[in-house]
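J.: Build me a model:
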Amino acid sequence: MSPNVIFADRIQFAFTIMFHYLFPIITMGLGVFIAYFATMEFCTGQERYGAAARFWTKIFAVNFAVGVVTGIPMEFQFGTNWAQYSSYAGGVFGLTLPMEGTFAFFLESGFLGLFLFGEGRVPRWVHWLSGVAVSVGSLLSGYFITAVNAWMQHPVGYQLGPDARLQLTSFWAVLLNSYVGWQYAHVICGALVAGAFIVAGLGAFYLLLDRHRDFARQAVRLGVLSGLAFSLLQLFPTGDGVGRNVTRAQPVKLAAMEGLFSSQSNAPLAILGMPDTERGELLDPVVVPKALSFLAYGSFGAKVTGLNEVPRENWPPVEVTYYAYHIMVGLGTIFIALMLLGAVLYWQRRLFDQRWFLWMLMLAVPFPLIANEAGWTVAEVGRQPWLIYGLLRTSAGASPNVSAGETMFTLLGFAGLYLLVALIYLLLVGRIIARGPEGGAA
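T.: Numbering: from 1, shown residues only. From the prediction side, this is the model:
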């Protein structure tokens, strides 16, 4: 297979999935807050919670629709650009992946319509239940997708058939893969951090404009306190759990994440530095001595595998993996610090009148999305050169009859289409924000 074809296929899939992934992050994150507001309205009868639920559901609905539109091209790419992968492993992921559409998608979309248009037309408990089901559907959708990805990271529940293709031997082994638990928890925590920042940031926006103050105070308070909780959970235990999965199943990825070239006991944790793959060292490092050994194996003296232990052809792209990982961790640390500061201001009863902090909340909204994208970059790029870890190399999964030129042509088409979709998305969400919440959230 020509390297140009592989490169074009990877660039196209990376572009489409990174653009698409922005919207599931927001739907999974906001879905939980919608369920919270719906539940509070049902339990207390206070209209301000219902108004908040309706407002965030409108933004959720736009994200859901755009997520569906941008996700369709990826499904087709399995048959066009990655036909060899689909032929080889479709017997395994061909069951789990459609479940996302068959169960989670219809649950999410059906109850979303009921929640948006059923108020006053269905019993209160049905309307409340539909709001909760929207959240459950988005979380369930995320689980099925993560389960497929976890199988690609750590394949289980399969056997090689007589036709040299993988056959599913245990559906539950795939669905309950030992790799998927912490990975899913980490993904959901990342989405919830993004949701919390969106809620807090939009509340800060309204406070700065002196509009919808009751709604805005409620949003800032909830966003800051939940954002602090989810940011801490993102670090521990979910981040730690994912790290232990990587250590056990993909030690080369761990070495690339930390820029560790030589295996060593008492391995340091790299805070800063520049990996040089030609010289095989981390330049100008700032490290915490022995910390990597402890985080990876629970012992300061444990030996951590370095990149030099494996042939270079089995290395992932070290620089991309290393920098994406450190962007994710660095932003995660900033999130904890920012939300901790917000919690202190709330405890001091100064949260809603500190304009400098409200500006920080509002301007910070995009950064959890960047951190989520960086985390997925670590997961996917760090798995290379394997499409299915240890079983199928990326170079063997591409379609042999699709040229690089054809792929780049369609990539340009996707870029133009997605630009149009992005503009429509911003226009629709901007109109919702300009109108603000309706009803009892003045």
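
J.: Sketch out the low-pLDDT regions of this structure for me.
T.: Scanning the chain for pLDDT under 70 picks out 1, 103, 439-442.

J.: could I have stretch 381-400 exported to CSV, CA atoms only?
T.: Taking only C-alpha atoms (Å, rounded to 0.1, in the frame of the first residue of the first chain), the coordinates of stretch 381-400 have been written out as CSV:
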residue,chain,number,x,y,z
VAL,A,381,-2.2,8.3,17.6
GLY,A,382,-0.5,6.6,20.6
ARG,A,383,-1.9,3.3,19.4
GLN,A,384,-0.1,3.5,16.0
PRO,A,385,1.2,1.8,14.0
TRP,A,386,-1.7,-0.6,14.9
LEU,A,387,-5.3,-0.2,13.8
ILE,A,388,-6.2,-3.1,16.1
TYR,A,389,-3.5,-3.3,18.7
GLY,A,390,-1.2,-6.2,18.0
LEU,A,391,-3.4,-7.7,15.3
LEU,A,392,-3.8,-5.3,12.3
ARG,A,393,-1.4,-2.6,11.3
THR,A,394,-2.9,0.7,10.0
SER,A,395,-1.2,0.2,6.6
ALA,A,396,-3.0,-3.1,6.2
GLY,A,397,-6.5,-1.8,7.0
ALA,A,398,-6.8,0.8,4.1
SER,A,399,-8.7,0.1,0.9
PRO,A,400,-6.4,-0.9,-2.0
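
J.: Now it: buried residues?
T.: Applying a neighbour-count criterion of 16 or more other C-beta atoms under 10 Å, the buried positions in stretch 381-400 are 381-384, 386-389, 392-399. Every residue, glycine included, has its C-beta placed from N, CA and C.

J.: Among the residues you listed, which one sits closest to Thr80?
T.: Comparing the buried residues of stretch 381-400 against Thr80 with C-beta to C-beta picks out Ser399 as the nearest, at 6.4 Å.

J.: Can you classify the closest one by secondary structure?
T.: coil (DSSP: H, G, I helix; E, B strand; the rest coil).

J.: picking up where we left off before, among the buried residues of stretch 381-400, which are in helices?
T.: Members of the buried residues of stretch 381-400 lying in helices (criterion: DSSP state H): 381, 394-397.

J.: farthest-separated two in the buried residues of stretch 381-400?
T.: Largest pairwise distance in these, by C-beta to C-beta, is 24.2 Å, between Gly382 and Ser399.

J.: burial count for Trp182?
T.: A count of nearby residues for Trp182, using other C-beta atoms under 10 Å, gives 20.

J.: Distance check, it against Arg217.
T.: 35 Å (C-beta to C-beta, to the nearest Å).

J.: if I pick the residue nearest to Leu112 when sequence neighbours are not counted, what's in contact with it?
T.: The shortest distance from Leu112 to any non-neighbouring residue, by C-beta to C-beta, 6 or more residues apart in numbering, is to Val134 (5.2 Å). Neighbour list for Val134: 31, 34-35, 57, 60, 108, 111-112, 115 [criterion: C-beta atoms under 8 Å, 6 or more residues apart in numbering].

J.: three-state assignment of Val134?
T.: For Val134, the secondary structure call by three-state DSSP comes out as helix.

J.: sorry, back to before: with the ones in helices among the buried residues of stretch 381-400 in mind, which one is nearest to Gly239?
T.: Comparing these against Gly239 with C-beta to C-beta picks out Val381 as the nearest, at 18.0 Å.

J.: wait, the closest one sits on Val320?
T.: Yes. Contact between Val381 and Val320 holds when scored by C-beta atoms under 8 Å: they sit 5.0 Å apart.

J.: Could you single out the nearest of the ones in helices among the buried residues of stretch 381-400 to Gly227?
T.: Of these, the one sitting nearest to Gly227 (C-beta to C-beta) turns out to be Val381, at 27.5 Å.

J.: Phe335 versus the closest one, what's the distance?
T.: The spacing between Val381 and Phe335, counted by C-beta to C-beta, is 22 Å.

J.: Could you check how far Val122 is from Ala52?
T.: Val122 sits 20 Å away from Ala52, taking C-beta to C-beta as the criterion.

J.: how many neighbours does Gly298 have?
T.: A count of nearby residues for Gly298, using other C-beta under 10 Å, gives 9.

J.: ugh, typo on my part, it should be Ala343
T.: 17.

J.: which element is it on?
T.: For Ala343, the host element (DSSP states H and E) is helix 318-347.

J.: which helices and strands sit right next to that helix?
T.: The contact analysis (3 or more C-beta pairs under 8 Å, 6 or more residues apart in numbering; DSSP states H and E) places helix 318-347 against helix 180-209, helix 213-235, helix 251-258, strand 269-276, helix 355-363, helix 366-381.
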